[in-house]
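K.L.:
Got a predicted model here, sequence first, then my questions.
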Amino acid sequence: MKLLILGAGGHGKVVSEIALLMKKWDDIYFLDDNKVGQEINGIKVIGTLDKIKELRKEFTHAFVSIGDNMKRVEWFKYLEEMNYEIPVLIHPSSIISNNVKINKGTVIMPGSIINTNTVIGKACIINTNASIDHDCQIGDGVHISPGVTIGGSVNIGDNTWVCIGATIINNINIGKNCIIAAGSTVIRDVPDNVMIAGVPGEIKKIIKLNETR
């Protein structure tokens with residue numbers, strides 16, 4: 001089996017190392033618009049992202065390693081349309097309850113902990129040393145950054161980005177397309193399309209839907 005990884009930047013490097021550790025693919029290659037012909041940590045960049053369609057017959061599996069939530073979900077949906085098999089990538093040092101459901105296109109980074117009865121959506125990033133406790137619902141395209149701590153029974157809407165070191169207490173609902181700024185502590189529910197910052201976290205900005213992140 002062969003795996004194509006879309007995006008050879010810093011996030012792509014970590015994703016590729018996890019894929020190699022899983023030992024499920026005979027060959028792994030990158031696609032990247034800015035690094036064609038380069039070799040990244042021993043993995044060749046064989047074309048730009050738009051080559052994904054013409055490579056469908058040659059590759060069974062593909063994975064999007066783009067940090068921007070909106071772009072990652074957009075390319076993920078394109079892979080689905082082309083019937084690529086889209087794996088879940090899990091670093092062996094992560095600790096995940098047997099009762100957790102993780103949907104395709106999601107990567108679980110080193111040292112992450114996910115507790116029982118939590119559901120992780122499609123095309124998510126659960127980054128290094130993030131902790132997600134029991135009974136949480138994480139939407140599609142969400143990025144949980146390094147060192148984030150999420151209490152039990154927390155719901156997070158699609159495409160939300162929880163930045164480095166943020167903390168969310170138990171039983172909180174966070175809307176879609178939000179940004180929870182680095183180091184914030186969220187102690188009350190958050191509506192859609194806002195940026196939260198501070199301790200305790202407060203609304204600092206309304207986010208326009210076409211803003212990328």
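P.N.:
In hand now; what should we look at? Numbers count the residues shown, from 1 in each chain.
K.L.:
Point out where this protein drops to low pLDDT.
P.N.:
Segments of the chain classed as low confidence (criterion: pLDDT under 70) are 210-213.
K.L.:
center of it - which residue?
P.N.:
Ile125 (1.8 Å; CA atoms, centre = their mean).
K.L.:
I'd like to know the beta-bridge partner residues of the closest residue to it other than its chain neighbours.
P.N.:
Closest residue in space to Ile125, ignoring its immediate chain neighbours: His143 at 4.5 Å, by CB to CB, 6 or more residues apart in numbering. (C-beta placed from N, C-alpha, C; glycine too.) Applying DSSP bridges to His143 yields these beta-bridge partners: Ile125, Trp161.
K.L.:
so His143 touches Asn69, yeah?
P.N.:
Yes - the pair His143 and Asn69 passes the contact test of CB atoms under 8 Å, sitting 5.7 Å apart.
K.L.:
Now the common contact residues for these two.
P.N.:
Residues touching both His143 and Asn69 (CB atoms under 8 Å, 6 or more residues apart in numbering): 160-161.
K.L.:
Return the residues in contact with the residue nearest to Ile125.
P.N.:
67, 69, 124-125, 127, 160-162.
K.L.:
try 7 Å
P.N.:
When contacts are counted by CB atoms under 7 Å, 6 or more residues apart in numbering, His143 touches 69, 125, 161-162.
K.L.:
do the same with Ile96
P.N.:
Counting by CB under 7 Å, 6+ apart, the residues that Ile96 touches are 90, 108, 114.
K.L.:
and the second one, how far is that from Leu79?
P.N.:
Taking CB to CB, to the nearest Å as the measure, Ile108 falls 19 Å from Leu79.
K.L.:
how about the helices in the protein?
P.N.:
Counting by DSSP state H, the segments of the chain that form helices are 10-22, 69-81.
K.L.:
Check which helices and strands the first one sits against.
P.N.:
In other words, helix 10-22. On a contact count with 3 or more CB pairs under 7 Å, 6 or more residues apart in numbering; DSSP states H and E, helix 10-22 meets strand 2-6, strand 27-31, strand 89-90.
K.L.:
The closest residue to Asn99 other than its chain neighbours: neighbour count?
P.N.:
Using CB to CB, 6+ apart and skipping residues adjacent in sequence, the residue nearest Asn99 is Thr116, 4.5 Å away. Using other CB atoms under 10 Å, the number of residues around Thr116 comes to 13.
K.L.:
Next: Lys104.
P.N.:
The criterion is other CB under 10 Å. On that basis, Lys104 has 17 neighbouring residues.
K.L.:
which non-adjacent residue is nearest it?
P.N.:
In space, Lys104 comes closest to Ile86 once its chain neighbours are excluded; the distance is 4.4 Å by CB to CB, 6+ apart.
K.L.:
hang on, the earlier thing: the contacts of His143 into TSV, with extra columns for distance to Lys57?
P.N.:
Converted to TSV, those look like this (distance: CB to CB, whole Å):
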residue	distance to Lys57
Asn69	30
Ile125	29
Trp161	35
Val162	38
